[in-house]
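Q: Here is the input, now give the coordinates:
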Amino acid sequence: MSEITRTSTTHQSGIIAAGSPQALFITLNSSENSTLSELYQVIANLPEQLRQVQKQFPQEKLLMTVGFSSAFWDSLALAQRPAKLEPFQKIENAQVTMPATDADMMLHIRSERHDVNYHLALTLFDALKPMFALDEMVHGFRYLDSRDLTGFVDGTENPEGDSRNAVALVADDGEFNNGSYVHLQKYLHDLTSWQKLALKQQEESYGRSKQENVEYASADKRNSAHTKRASVKDVNANSIEILRHSLPFGDLAQSGLLFASYASSPDNFNLMLQSMCKIDEANETDKILYVTSAKTGHAFYAPNLEWFDSLKQLV
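A: Sure, this is the predicted structure:
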């Protein structure tokens, strides 16, 4: 096992910063043609490549988060690993399937401009492609006033200010502090079926008004309402939160939501997903899952920046 030492921790730029109107969600799988030394070198250089492109486009708020799966982390043969890093937790029952499709690495690139994101992606992939193959690239974009393609505002429960750090960044895992557990899911919407629903049915599905974006009182929500199912508490009755960086994607053939969750523990996301998928006594799940379905499921850990620097010791 290779040893890494570091003295401070700084989170990656894309974790905490406010949402961006344009993003690329890129997943990659490693080949068997590279040595550990080659992997360490190309991965260690990713933050510097980001900094160089940021200098070219200083006004575009270019940010990136790089994450690694549980299996790929083990393949790096490092002495330590994040305490809670695990594969995506698949869920399957009589009504819902949440597949696990873990890729090895994630690049979440975001800024004010799609072309700048794409330029960085090309730059990074040029260095990565001898050792990695593209799994998928999804272009997410802000739709109207931050709405999902169902017409409802997305991410209304996101933490603000300093609470973003508390929700998204690990604080109790030593050298892995200021990293983040990331989950990605690509949802495809059945907008034809959704648009056939009456406005009242749509609003009851979310537990929120569509145009005004006003959440229903708890007593007025159906048990299957999305805002009710996604509201989860821990054993001490404290609300469990995630930091969302989700964005719609689509073309004229298909469309949906690339759901992106950042959290200080993978438990936060897993408990929310379990709540959404659970079949209740009325034989219902989260109502939103009747018109959208997950096609992918990835779990990653996004380490702090010192982790990348320390890989250079191993080259």
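Q: Let's see the distance spanning stretch 80-100 from one end to the other.
A: 24 Å (CA to CA, to the nearest Å).
Q: what comes up buried for that stretch?
A: Neighbour counts using 16 or more other CB atoms under 10 Å place 81-82, 84-85, 88-89, 91, 96, 98-99 of stretch 80-100 among the buried residues. In short, each C-beta sits where N, CA and C put it, glycine included.
Q: Show me how far it is from its chain's centre.
A: Distance of stretch 80-100 from its chain centroid, counting by CA atoms, centre = their mean, to the nearest Å, is 14 Å.
Q: can you give me the strands for the stretch 201-315 of the chain?
A: For the stretch 201-315 of the chain, the strands defined by DSSP state E, counting those that start in this stretch cover 232-233, 239-240, 243-244, 247-250, 255-263, 292-294, 298-302.
Q: The third one packs against which elements?
A: Counting contacts by 3 or more CB pairs under 8 Å, 6 or more residues apart in numbering; DSSP states H and E, strand 243-244 packs against helix 163-168, strand 255-263.
Q: Among the ones you listed, which comes closest to residue 24?
A: Closest of the helices and strands packed on strand 243-244 to residue 24 is strand 255-263, at 9.8 Å (criterion: CB to CB).
Q: Show me what that closest one pairs with in its sheet, parallel or antiparallel.
A: Strand 255-263 has the following strand partners under DSSP bridges: strand 180-189 (antiparallel), strand 243-244 (antiparallel), strand 247-250 (antiparallel).
Q: The closest residue to residue 136 other than its chain neighbours and residue 302, how far apart?
A: Excluding its sequence neighbours, the residue lying closest to residue 136 (CB to CB, 6 or more residues apart in numbering) is residue 27, at 5.2 Å. Counting by CB to CB, to the nearest Å, the gap from residue 27 to residue 302 is 13 Å.
Q: what do those two both touch?
A: Common contacts of residue 27 and residue 302 (CB atoms under 8 Å, 6 or more residues apart in numbering): residue 106.
Q: so what's the backbone phi/psi at the residue nearest to residue 136?
A: Dihedral pair for residue 27: phi -120, psi 140, per degrees, to the nearest 10.
Q: same check, this time on residue 210
A: phi -80, psi -60.
Q: Now do it: how many residues are near it, please.
A: As a burial measure, residue 210 scores 16 neighbours (other CB atoms under 10 Å).
Q: wait, it sits on residue 194?
A: No. At 11.5 Å, residue 210 and residue 194 do not qualify as touching, with contact defined as CB atoms under 8 Å.
Q: Give me the pLDDT for the nearest residue to residue 10 once chain neighbours are set aside.
A: Nearest residue to residue 10 in three dimensions, chain neighbours excluded: residue 305, at 4.5 Å (CB to CB, 6+ apart). With respect to pLDDT, residue 305 has a value of 97.
Q: Residue 305 touches residue 14, doesn't it?
A: No. Using CB under 8 Å, residue 305 is not in contact with residue 14, being 11.5 Å away.
Q: Which one's more surrounded, these two?
A: residue 14 (26 against 18).
Q: name the element residue 109 belongs to?
A: strand 105-111 (DSSP states H and E).
Q: quick one: contacts for residue 223?
A: Residue 223 sits in contact with 280, 282, 284, where contact means CB under 8 Å, 6+ apart.
Q: What distance do you get for the second one to residue 220?
A: Same thing as residue 282. From residue 282 to residue 220 the distance is 17 Å (CB to CB).
Q: Equivalent analysis for residue 89, please.
A: Taken as CB to CB, the span from residue 89 to residue 220 is 32 Å.
Q: same thing with residue 284?
A: 17 Å.
Q: re earlier: now for the buried residues of stretch 80-100: which two are most distant?
A: Among the buried residues of stretch 80-100, 81 and 96 lie farthest apart (CB to CB), at 30.4 Å.
Q: returning to what we had before: now for residue 210 and residue 194: what residues contact both?
A: Shared contacts of residue 210 and residue 194, counting by CB under 8 Å, 6+ apart, come down to residue 202.
Q: give me the number of residues near residue 72?
A: 20.
Q: what about it, which helix or strand?
A: Residue-wise, residue 72 maps onto helix 70-75 under DSSP H and E.
Q: And the pLDDT for the spatially most central residue of the chain?
A: The chain has residue 260 as the residue nearest its centroid, 2.5 Å off, counting by CA atoms, centre = their mean. Residue 260 is assigned a pLDDT of 98 by the prediction.
Q: heads up, I number from 25, so please use that
A: OK, 25 is where the count begins now, so the last one is residue 284.
Q: ok, which stretches of this structure are helices?
A: 37-40, 60-68, 70-80, 94-99, 138-152, 187-192, 215-220, 223-230, 250-253, 290-301, 329-335 (DSSP state H).
Q: Rounded mean pLDDT for the longest one, please.
A: The reference is to helix 138-152. pLDDT averaged over helix 138-152 gives 98.
Q: No more questions from me, cheers.
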